[in-house]
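Peer 1: Dropping the sequence and predicted coords here.
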Amino acid sequence: MSRIQKLFRNREDNSKIMSLFITAGYPDPQNTVTLIHELEASGADIIELGMPFSDPLADGPTIQHASKIALDKGIHLDTIFNMVREVRTRSDIPIILMGYINPVLRYGLEPFFRKAAESGVDGVIIPDVPPGEFPNIDRLCETYSIDPVYLVAPNTTDERMKLIDRASRGFVYCVSVTGVTGARDGAEVSNSVKQFISRVRKNVTRNPVLVGFGIRSHDDAEKISEEVDGYIVGSALIDFIREAYPSEDWISRTGDFVRQLKTGKLNQKIK
Amino acid sequence: MTLSQKNLVTTPDNRGFYGKFGGRFVPEILIPALEDLLAAFEQARNDESFQREYESLLKEYVGRETPLTYAGRLSEYYGKARIYLKREDLCHTGAHKINNAIGQVLLARRMGKTRIIAETGAGQHGVATATVCAFFGMPCIIYMGSEDIIRQKLNVDRIRLLGAEVRPVESGAKTLSNAINEAIRDWVSNVDDTFYIIGSAVGPHPYPLIVREFQSVIGRETIDQCLESEGRLPDHVVACIGGGSNAIGMFYPMAGHDEIRLYGIEAAGEGIDTPRHAATLTSGFPGVLHGSMSYLLQTEHGQIAEAHSISAGLDYPGVGPEHSYLRDTGRVRYESITDKEAMVGVRLLSSREGIIPALETAHAIAWLENLLPETGTDEIVVVNCSGRGDKDMETISQYMQNENQ
């Protein structure tokens, strides 16, 4: 069983899983590993590590910015594998690599999955490869015991949700709004979002469901993940880091932000 | 091995692949939209009333058919093959782009979409889309790189005059590729009511197929006109390639005729031995950009490289997937022309035929310098004159000024 699957199996009944997205190498490559440890210590259950791409067409301004900075600082797949290796010397937190397909293709599909597995990566999210578009990916995930996580969106049909559920392992990523990534003002949980999430619940039966896109506070997270297994925060976290960096204590302040995200309280002790 | 006509009719497979190129590499949100689009397109293609409306607009509004003009003084200059120009520059709005914009706006209306978005590089597709939106009274937003906004100022003013909004794109090289990213982001965010009119033969399936369908009128007319004036098919057909819409429109109806030699001319910018060029098929590597697998200019780490061409319409690091397929099968020969050679082409056509070509088109013209010496006097060459050069006058003047200094 993968680290991700174990996490969901072992979690306490009503606790929500919090998955955090950061772009590898943002805001600076030397601190990515320290930042991951801080996120974990502050309550992160899963780390989604973004593999930066020059043309991130499903991302809003925040992740576009982070990707550009990371690329300017020379991040590529081998540096990311090294970061994961370094994290693994001290931590068993599930790590998912998330990014667009082209750098992966250029690296070579087989070498990518082999290196990912060797470094201690647990899953991949490739938002521009819907299930079935690259059948090799599913085979390689199987071979190297990497969990492929696919996305469902509000306009995904019931039938397709079932297909996505079958193709996914670890969890299914539920995109709560039709749009690009990015924190939104008071991510409203409208009736249509509720209906969508209950439709996901009905059709996604094999995997846990994490909901993401637009969450920026503990309140948002609580409301939107009521019916599912947890939530994903990316842009709001990166926005916070963008503000805090490069002050001396940006990493510990990021930890405070994450604790607040998870518990709603500033000084809550984690675990 | 020569390819038979049968296996060359490259209707993509049902997953949108031309050989190993094409596909639908897009976020899940766009999958339902692409499925709806494919269904609407298949329906429209078999619907006579749709075809009638499309053809009547091409005739009454665009001014088709466009002539196949014998270029007498240009032919005389080389003293070899007879050269003809397919005059897409005479289409309403000044380039072939409107053939496709009309077709897609009709599809949008058929699907009940109320808002149109598009990307543009040289501005011709932006103008064409703004034009058809004015014609049908639909709101229209054009994404355009801020670098292109400077070098194609005339077209920006035209788009605004036509009532569309131009949204500057500041990311990356601030050119066509970045404009497509931004248009896709808009589409992802407004997929319910918005139709994205892609201007080139790129993007996820079924876009390359749709653009080919609506541009194929170029090649079909050329075949008929050549048969009429020469009694036979041309020997050589030349078209410029950025994303490849004018070229695929010209080549597709001809690809099954083995005896016609096809040449796609890319932009070599400052030279393909420099980093500043846009010769994707000549020196790229297969990968995924803007929803499909095709040749791409990219770094060793798979990041998309910035393209460069003096011509905004060719300044693109990708290319339509069907061109990648035609390259690998060897059916089309892809070559490249530098900025400098293209400027020679502009002068040549302007001074010998009284036709100022677009800088994109000038790349195809400039290829004649290589092609014509190899031809015989009994041969026929057709060049797709994809657009007129008015929009480029500022760039051309500046280039001539720098040359004189």
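Peer 2: Ah, there it is.

Peer 1: Every contact and neighbour count from this point should use C-alpha atoms.
Peer 2: OK.

Peer 1: tell me the centre residue of chain B?
Peer 2: For chain B, B:S245 is the residue whose C-alpha lies nearest the centre (Cα atoms, centre = their mean; 3.0 Å).

Peer 1: so what pLDDT did that one get?
Peer 2: Turning to B:S245, the model gives it a pLDDT of 98.

Peer 1: Same question for B:L8.
Peer 2: 51.

Peer 1: do the same with A:K271
Peer 2: 51.

Peer 1: pretty sure the residue nearest to the centre of chain B is in contact with B:V211, am I right?
Peer 2: Yes. Shown here, B:S245 and B:V211 form a contact pair, counting by Cα atoms under 8 Å, at 6.7 Å.

Peer 1: roughly how far apart are B:K391 and B:A118?
Peer 2: 19 Å (Cα to Cα, to the nearest Å).

Peer 1: next one: A:S252
Peer 2: 44 Å.

Peer 1: For the nearest residue to A:L151 once chain neighbours are set aside, what are phi and psi?
Peer 2: Beyond its immediate neighbours in the sequence, the residue positioned closest to A:L151 (Cα to Cα, 6 or more residues apart in numbering or on different chains) is A:Y173, lying 4.6 Å away. Backbone torsions for A:Y173, taken as degrees, to the nearest 10, come to phi -90, psi 110.

Peer 1: Next to chain A, which bits of the stretch 301-405 of chain B? Give me the list.
Peer 2: Residues of the stretch 301-405 of chain B found near chain A (Cα under 8 Å from any Cα of the partner chain) are B:301-304.

Peer 1: Where does B:P168 sit: helix, strand or coil?
Peer 2: At B:P168 the chain is in strand, as set by DSSP: H, G, I helix; E, B strand; the rest coil.

Peer 1: Any residue of the helix or strand that contains A:K68 touching chain B?
Peer 2: If you go by DSSP states H and E, A:K68 is part of helix A:61-72. No. Remark: helix A:61-72 sits outside contact range of chain B, by Cα under 8 Å from any Cα, the gap being at least 8.9 Å.

Peer 1: what's that helix packed up against?
Peer 2: With contacts defined as 3 or more Cα pairs under 8 Å, 6 or more residues apart in numbering or on different chains; DSSP states H and E, helix A:61-72 has these neighbours: strand A:17-23, helix A:235-244.

Peer 1: next structured bit after that helix?
Peer 2: helix A:77-88.

Peer 1: Could you tell me the angle between the next helix or strand after that following helix and strand A:17-23?
Peer 2: Downstream of helix A:77-88, the first helix or strand assigned by DSSP H and E is strand A:95-99. Calculated by axes from the mean of the first three to the mean of the last three Cα atoms, to 10 degrees, strand A:95-99 forms an angle of 50 degrees with strand A:17-23.

Peer 1: who does strand A:95-99 touch, helix- and strand-wise?
Peer 2: Strand A:95-99 packs on strand A:46-51, strand A:123-125, going by 3+ Cα pairs under 8 Å, 6+ apart.

Peer 1: who does the next helix or strand after the shortest one touch, helix- and strand-wise?
Peer 2: Meaning strand A:123-125. Later in the chain than strand A:123-125, the nearest helix or strand by DSSP H and E is helix A:135-144. Packing partners of helix A:135-144 (3+ Cα pairs under 8 Å, 6+ apart): helix A:109-119, strand A:147-148.

Peer 1: what about helix A:135-144, average pLDDT?
Peer 2: 96.

Peer 1: The helix or strand encompassing B:L106 - contacts with which helices or strands?
Peer 2: Assigned by DSSP H and E, B:L106 belongs to helix B:97-110. Counting contacts by 3+ Cα pairs under 8 Å, 6+ apart, helix B:97-110 packs against helix B:30-45, helix B:48-57, helix B:124-136, helix B:207-215.

Peer 1: and A:I241, which of those helices is closest to it?
Peer 2: If you check each of these against A:I241 by Cα to Cα, helix B:30-45 wins as the nearest, at 30.4 Å.

Peer 1: B:G284 against B:T299, yeah?
Peer 2: No. If you go by Cα under 8 Å, B:G284 and B:T299 don't touch, sitting 9.6 Å apart.

Peer 1: Between those two, which has more neighbouring residues?
Peer 2: B:G284 (19 against 14; other Cα atoms under 10 Å in any protein chain shown).

Peer 1: Phi and psi next, for that one.
Peer 2: The phi/psi pair for B:G284 (degrees, to the nearest 10) is phi -90, psi -170.

Peer 1: before we move on, back to that, more neighbours, A:S252 and B:A118?
Peer 2: Using other Cα under 10 Å as the criterion, A:S252 and B:A118 rank with B:A118 on top: 28 against 15.

Peer 1: ok, back up a step: rounded to a whole number, what's the mean pLDDT of the helix holding B:L106?
Peer 2: On average, helix B:97-110 scores 98.

Peer 1: quick one: the helices in the stretch 151-271 of chain A?
Peer 2: Taking DSSP state H, counting those that start in this stretch as the test, the helices found in the stretch 151-271 of chain A are A:158-167, A:191-203, A:218-224, A:235-244, A:250-263.
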